[in-house]
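Colleague: Predicted model and sequence follow; I will ask about them next.
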Amino acid sequence: MASTSKYVSELIEKLIAKNKGESEFHQAATEILESLDLILDKHPEYLENSVLERFVEPERVVMFRVPWVDDKGKMQVNRGFRVQFNSAIGPYKGGLRFHPSVNLGIIKFLGFEQILKNSLTGLAIGGGKGGSDFDPKGKSDNEVMHFCQSFMTELHKHIGADVDVPAGDIGVGGREIGYMYGQYKRMTGLSVGILTGKGLSYGGSLARTEATGYGLVYFVEEMMRSNHKGDFNGKNVVISGSGNVAIYAHQKVTDLGGTVVAMSDSAGYIYDPKGINLDTVKQLKEVERKRISEYVKIHKSATYTEGCFGIWNVPCEIALPSATQNEIDEQSAKTLVKNGCLAVGEGANMPATLDATNVFLKSGVLFGPGKAANAGGVAVSALEMSQNSQRLDWTFEKVDAKLKDIMINIFNESAKAAKEYGHDGNYVIGANIAGFKKVAEAMIAQGAV
Ligand code: NDP
């Protein structure tokens, strides 16, 4: 990348000083602002209207207490967040994450990335994100319900079908969305689409569950095809994580003739050269909520290794990191390159560190950044919002076809922007620029807001 201008360097310095301790937000903002530096000469109006200064500041941050009573009758307290980052092109949209690591910096990095991701989908949705440091792991259904009801009791004051529409993320799946939706309805009496990822019996969309994983594979397929690097057929694929994104990425990779040889959870990874059996993973993770280590008790050809970083030592042609942020460091990236990896698609948000990303870009490995490659989930969430407004249910095939079109379009827009600004093949820069321009235009048009 070209050297950073004084203006952008100072902006990054100020952002770091003003948002102390928010390391993930600093990381995401640095990557994005350095990309946007490339377009400032052509767009003096961004400077005249202080677009970047406004862009890095959330419109609103809500932080709240979430008290709830556990199965032993003891009062527990967690912290809840909703960051409404940017509504220039539509109502805030972005998931809720329930994980003990959640803090303001993580929610801000996710919300910031979400602005550009949502813009890239071509749909009218702004960027937001929320969550809590609550850990659903090891909690009973009853405890999860009590927590979700308490969380929504505060959150309902800040969301609405045309205001802010949250969805799932790590630790928030169909069960949690159901409990939160029920509580919203009970408090307001309204049956409206205030959450996406709902169950099919009460306003959910077909293909929403599959959307992020399928979309990721559609994106990577298009990236490989357009770079004459073949497709998934006959390729070995490593997918980290074994949650929503990872499971449905596996399903689509397998449909397209690839073999998923390794998957993980936060404790360790499994490796099976014959291919990981998806039904077993689904049963363990979606139904029984157990550890991935249990897999090797059922499939003798597989091995389990403690610790999740080691998964990147498994040789593969395609890597789809789909667990969490910063799960591929520089060393892991170098190992992937050494082992002949052709393409990396980020299913998770920011799973590659900045150093790891640079290793891929310098080595000529095709690299699909999360805000482009994993945008399928939010795209189908927006389609769920359309169906809710129209009170219609679309078929799986219709939603899946729209998803595929959207992912191909995101790839093309990112590729076009990268080329236009002299960085052909760098989809990190391309996605940042393509996503940003529409938001910047809308911010300027709406004046000092
Ligand atoms: P899930 O909660 O369904 O699954 C998360 C998976 O990642 C689990 O296997 C989990 O292991 C593992 N994991 C979580 N934290 C860590 C950690 N610190 N280290 C290693 N592994 C970890 O979440 P999703 O599949 O929904 O989300 C995965 C990623 O994809 C996240 O980055 C999310 O932001 C991103 N994403 C999700 C979208 C969606 O539609 N769901 C949309 C776009 C992006 P364990 O079971 O042990 O907890």
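Modeller: Looks like it came in fine. Every value quoted in this text rests on a predicted model; they were computed, and no experiment measured them.
Colleague: contacting residues around the single nearest residue of the stretch 101-250 of the chain relative to the ligand?
Modeller: Proximity to the ligand, evaluated over the stretch 101-250 of the chain using CB to the nearest ligand atom, is greatest for residue 243 at 1.7 Å. In short, each C-beta sits where N, CA and C put it, glycine included. Going by CB atoms under 8 Å, 6 or more residues apart in numbering, residue 243 touches 170, 173, 265, 285, 322, 323.
Colleague: Could you export those as a markdown table, including pLDDT, secondary structure and neighbour count?
Modeller: Shown next, in a markdown table, are the contacts of residue 243 (pLDDT from 0 to 100; DSSP: H, G, I helix; E, B strand; the rest coil; neighbours: other CB atoms under 10 Å):
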| residue | pLDDT | secondary structure | neighbour count |
| --- | --- | --- | --- |
| 170 | 96 | coil | 25 |
| 173 | 96 | coil | 17 |
| 265 | 97 | coil | 22 |
| 285 | 95 | helix | 22 |
| 322 | 98 | coil | 31 |
| 323 | 98 | coil | 24 |
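Colleague: Just the endpoints, please. Distance across stretch 47-66?
Modeller: One end of stretch 47-66 to the other measures 41 Å (CA to CA, to the nearest Å).
Colleague: which outside residues touch that stretch?
Modeller: By CB under 8 Å, 6+ apart, the residues outside stretch 47-66 that reach it are 7-8, 11, 15, 29, 33, 36, 40, 45-46, 77-87, 104, 108, 111-112, 115, 130, 132, 134, 147, 150-151, 154-155, 158, 436, 439-440, 443-444.
Colleague: How about stretch 286-295?
Modeller: Stretch 286-295 has contacts (CB under 8 Å, 6+ apart) with 137, 242, 247, 263-265, 267-270, 276, 280-281, 284-285, 302, 304.
Colleague: what sits against the residue at minimal distance from the centre of the chain?
Modeller: Most central in the chain under CA atoms, centre = their mean is residue 349, positioned 4.4 Å from the mean C-alpha point. For residue 349, the contacting residues are 109, 110, 113, 325, 370, 371, 374, by CB under 8 Å, 6+ apart.
Colleague: contacting residues for the closest residue in space to it that isn't next to it in sequence?
Modeller: Nearest in space to residue 349, with sequence neighbours left out and distances taken as CB to CB, 6 or more residues apart in numbering, is residue 370 at 4.7 Å. The contact partners of residue 370, by CB under 8 Å, 6+ apart, come to 113, 117, 346, 347, 348, 349, 350, 351.
Colleague: tally of neighbours for the third one?
Modeller: Right, residue 346. 29 (other CB atoms under 10 Å).
Colleague: Hmm, it is touching residue 360, no?
Modeller: No. With contacts counted by CB atoms under 8 Å, residue 346 stays clear of residue 360, the gap being 10.3 Å.
Colleague: which residues are common contacts for these two?
Modeller: Residues touching both residue 346 and residue 360 (CB under 8 Å, 6+ apart): residue 352.
Colleague: Among the contacts of residue 370, name the ones in helices.
Modeller: Among the contacts of residue 370, DSSP state H puts 113, 117 in helices.
Colleague: Let's have the contacts of residue 370 in CSV, adding pLDDT and distance to residue 50.
Modeller: Converted to CSV, the contacts of residue 370 look like this (pLDDT from 0 to 100; distance: CB to CB, whole Å):
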residue, pLDDT, distance to residue 50
113, 98, 21
117, 98, 23
346, 98, 30
347, 98, 35
348, 98, 32
349, 97, 27
350, 96, 26
351, 98, 32
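Colleague: Look at residue 27 and give its secondary structure.
Modeller: helix (DSSP: H, G, I helix; E, B strand; the rest coil).
Colleague: ok, now which ones touch it?
Modeller: 109, 326, 350, 353, 354 are the contacts of residue 27 under CB under 8 Å, 6+ apart.
Colleague: Which of these are buried? Put it as a ChimeraX command.
Modeller: Burial among these is assessed by 16 or more other CB atoms under 10 Å; the matching ChimeraX selection reads:
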select :109,326,350,353
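Colleague: related to what we said a few turns ago, within reach of the ligand, which of the contacts of residue 349 are there?
Modeller: Among those, proximity to the ligand is found for residue 374 (CB under 6 Å from any ligand atom).
Colleague: Out of the contacts of residue 349, which comes closest to residue 221?
Modeller: residue 374 (14.3 Å; CB to CB).
Colleague: Settle this for me: that closest one is touching residue 347, isn't it.
Modeller: Yes. Residue 374 is in contact with residue 347 according to CB under 8 Å; the separation is 5.3 Å.
Colleague: overlap in contacts of those two?
Modeller: Common neighbours of residue 374 and residue 347 (criterion: CB under 8 Å, 6+ apart): 212, 216, 245, 322.
Colleague: which ones are touching the first one?
Modeller: Under the criterion of CB under 8 Å, 6+ apart, the contact list for residue 212 reads 244, 245, 248, 249, 347, 374, 376, 377.
Colleague: Would you confirm that it belongs to a strand?
Modeller: No. With three-state DSSP as the criterion, residue 212 is located in helix rather than a strand.
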